[in-house]
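1. Sequence first, predicted model second:
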Amino acid sequence: MADKDLRINEQIRVREVRLIREDGEQGIMSTQEALELAREQGMDLVEVAPQANPPVVKILDYGKYKFENEKKVRDSKKKQKLLKLKEIRMQPKIDDHDLDFKSKHVREFLAEGNKVKVTVRFRGRELAHTELGLVVLKDVLAKVEGEYVMDKPPAMEGRFMSMVLSPKAKTGKPAKQGAAEARTAPPATQEG
């Protein structure tokens, strides 16, 4: 529940509430009695479950409670890993040095934890020889062997042939993932 929806102290306008004390004890009492108990302890009366019948309230320090919730949200955002999709584009008639250079970039992107989309662009008559693009993609896979898991095998999309690779898990990976990778990874041998 968002903090904006919480009602505290005099904002709670029901006749009786279920009070949960710090020691975990519960009891139904009038809102006025619960508010007096909170004031005696120098705390706030905070409604935590308004949909219940009667609504559930707790006695706590509202400022500290709000700070702790904001801190949890910040920490959970820090722990999230944003995966970026990087794209490397090539042509079917790429030179060996250029292929090595682009493969090095693919390896670097995977090492940083990013997904990589490797794309071969066909122009004009090159569309008649899409097998050359497949050879280029297989060469890239051979150069980055052992550092990837194939998310999407090579496939034609209009004038482009592309595949998507993601980094291998750093820690102990399940055996099923390794078996799936072995099925999707092409052989390391190059064709004519």
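-> Sure thing, it's come through. Numbers count the residues shown, from 1 in each chain.
2. just the helices in the protein please.
-> Shown for the chain, the helices assigned by DSSP state H span residues 31-40, 62-79, 96-111, 130-143, 175-184.
3. Just tell me which of those ends up closest to Met150.
-> Proximity to Met150 (C-beta to C-beta) singles out helix 175-184 among the helices of the chain, at 4.3 Å. Using the backbone N, CA and C atoms, a C-beta is placed for each residue, glycine as well.
4. Tell me, please, where in the chain the pLDDT is lower than the cut-off.
-> Scanning the chain for pLDDT under 70 picks out the ranges 1-5, 170-192.
5. hang on, the earlier thing: of the helices of the chain, give the one that comes closest to Met163.
-> Ranking these by proximity to Met163 (C-beta to C-beta) places helix 130-143 first, at 5.7 Å.
6. What helices and strands are in contact with that closest one?
-> Other elements packing on helix 130-143 under the criterion 3 or more C-beta pairs under 8 Å, 6 or more residues apart in numbering; DSSP states H and E are helix 96-111, strand 115-121, strand 148-157, strand 160-167.
7. The third one to strand 115-121, inter-axis angle?
-> Using axes from the mean of the first three to the mean of the last three C-alpha atoms, to 10 degrees, the inter-axis angle of strand 148-157 relative to strand 115-121 is 30 degrees.
8. Contacts only, for Val164.
-> Shown here is Val164, whose contacts under the criterion C-beta atoms under 8 Å, 6 or more residues apart in numbering are 85, 115-118, 150-152.
9. Test my guess that Met161 contacts Leu134.
-> Yes - Met161 is in contact with Leu134 according to C-beta atoms under 8 Å; the separation is 6.8 Å.
10. Pull the number of nearby residues for Gly158.
-> 8 (other C-beta atoms under 10 Å).
11. and it, what are its phi and psi?
-> Dihedral angles of Gly158 (phi, psi; degrees, to the nearest 10) stand at phi 70, psi -120.
12. and of the helices of the chain, who's closest to Asn53?
-> For Asn53, the closest of the helices of the chain is helix 31-40, at 14.1 Å, according to C-beta to C-beta.
13. Point out the other helices and strands that that closest one packs with.
-> Judged by 3+ C-beta pairs under 8 Å, 6+ apart, helix 31-40 is in contact with strand 16-20, strand 44-49, strand 56-60.
14. Now do it: everything it contacts.
-> Residues outside helix 31-40 that contact it (C-beta under 8 Å, 6+ apart): 9-10, 12-17, 19, 44-45, 57, 59.
15. got the CA coordinates for it in PDB?
-> The C-alpha coordinates for helix 31-40 follow below in PDB (Å, rounded to 0.1, in the frame of the first residue of the first chain):
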ATOM      1  CA  THR A  31     -10.300   4.600  18.000                       C
ATOM      2  CA  GLN A  32     -10.100   7.200  20.700                       C
ATOM      3  CA  GLU A  33      -8.600   4.600  23.200                       C
ATOM      4  CA  ALA A  34      -6.000   3.500  20.600                       C
ATOM      5  CA  LEU A  35      -5.000   7.100  19.900                       C
ATOM      6  CA  GLU A  36      -4.500   7.800  23.600                       C
ATOM      7  CA  LEU A  37      -2.300   4.700  23.900                       C
ATOM      8  CA  ALA A  38      -0.200   5.900  21.000                       C
ATOM      9  CA  ARG A  39       0.200   9.400  22.500                       C
ATOM     10  CA  GLU A  40       1.200   8.000  25.900                       C
END
